[in-house]
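S.K.: Give the three-dimensional model of this entry:
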Amino acid sequence: MQIPRRWITAGAGLGVGLAAALAWRGRRRALRAPLQTVAQVDLERYAGRWFEIARYPTPFQRRCAKNVTAEYATTRDGRVRAENRCTDANGNSIAARARARVVDPTTNAKLKVRFAPIVPEGDYWIIALDDAYRYAIVGEPSRRFVWMLARTPHLDEQTFADLCAQLRAQGYDPARLIRTPQD
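M.R.: Okay, here's the model as predicted:
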């Protein structure tokens with residue numbers, strides 16, 4: 001059986017297109033600068049309640065419909081205890097507890113967090129932080145996840161836009177953010 005010439009041409013074009021897309025994806029990753037954290041975090045000041053303003057969609061938060069918060073507390077052994085809460089679509093409260101350890105004691109901006117003993121640790125990098133600790137952005141090196149946090153349930157639009165510009169400068173796509181409803 002002879003293969004029609006147009007199938008060969010289409011297959012070659014598809015192969016070249018796929019190769020170009022994969023090469024561009026690899027080049028884009030290579031060109032992206034490493035994720036930068038803030039210069040210093042005072043974990044005592046960072047402790048307390050934070051409201052989630054926006055985030056990238058995450059499978060582990062898929063049931064969270066609104067009122068997402070994180071409460072942090074430092075422990076005597078230098079770790080951070082976290083309790084994340086949210087409300088699902090039926091009005092039920094969901095809570096998850098975790099412990100975090102500082103990975104970079106020079107800055108305190110890079111932590112590893114674990115929600116259960118059998119679950120691998122995840123990166124928790126503080127990549128933006130207001131001088132007064134009013135808002136923050138938390139991300140991780142692969143840029144698959146990001147959270148915009150504030151001490152109040154809502155941010156004004158200018159501050160939100162400024163934080164989105166910081167995200168863009170760090171290689172994140174602010175268009176992927178979903179805003180978190182807070183009552």
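S.K.: For P59, grab the count of nearby residues.
M.R.: The tally of other residues near P59 (other Cβ atoms under 10 Å) stands at 5. Any C-beta I mention is one placed from the backbone N, CA and C, and that applies to glycine too.
S.K.: all helices for the chain, in order.
M.R.: 5-31, 43-46, 157-169 (DSSP state H).
S.K.: Now do the shortest one: everything it contacts.
M.R.: Applying Cβ atoms under 8 Å, 6 or more residues apart in numbering, the set of residues contacting helix 43-46 from outside is 72, 74, 80, 102, 108, 126, 129, 133, 136.
S.K.: same thing but 7 Å
M.R.: 72, 74, 80, 108, 133 (Cβ atoms under 7 Å, 6 or more residues apart in numbering).
S.K.: Would you confirm that the second one contacts V41?
M.R.: No. Under the criterion of Cβ atoms under 7 Å, T74 makes no contact with V41, lying 11.2 Å away.
S.K.: Of those two, which one has the most company?
M.R.: Higher neighbour count among T74 and V41: V41, with 20 against 15, using other Cβ under 10 Å.
S.K.: nearest residue to the more buried one other than its sequence neighbours?
M.R.: N108 (4.1 Å; Cβ to Cβ, 6 or more residues apart in numbering).
S.K.: so where is this protein shaky, pLDDT-wise?
M.R.: Along the chain, the parts satisfying pLDDT under 70 run over 1-31.
S.K.: swap the cut-off to 80 and go again
M.R.: Residue ranges of the chain with pLDDT under 80: 1-32.
S.K.: most centrally placed residue in it?
M.R.: V146 (1.5 Å; Cα atoms, centre = their mean).
S.K.: Contacts only, for that one.
M.R.: When contacts are counted by Cβ under 7 Å, 6+ apart, V146 touches 55-56, 137, 139, 167, 172.
S.K.: Quick check: beta-bridge partners of the residue nearest to it when sequence neighbours are not counted?
M.R.: Sequence neighbours aside, G139 is the residue nearest to V146 in space, at 4.5 Å (criterion: Cβ to Cβ, 6+ apart). Applying DSSP bridges to G139 gives these bridge partners: W125, V146.
S.K.: Pretty sure I126 is one of the things G139 touches, is it not?
M.R.: No. Assessed by Cβ under 7 Å, G139 is found out of contact with I126, at 8.4 Å.
S.K.: Which of those two has more residues huddled nearby?
M.R.: For G139 versus I126, the count of surrounding residues by other Cβ under 10 Å is larger for G139: 25 against 21.
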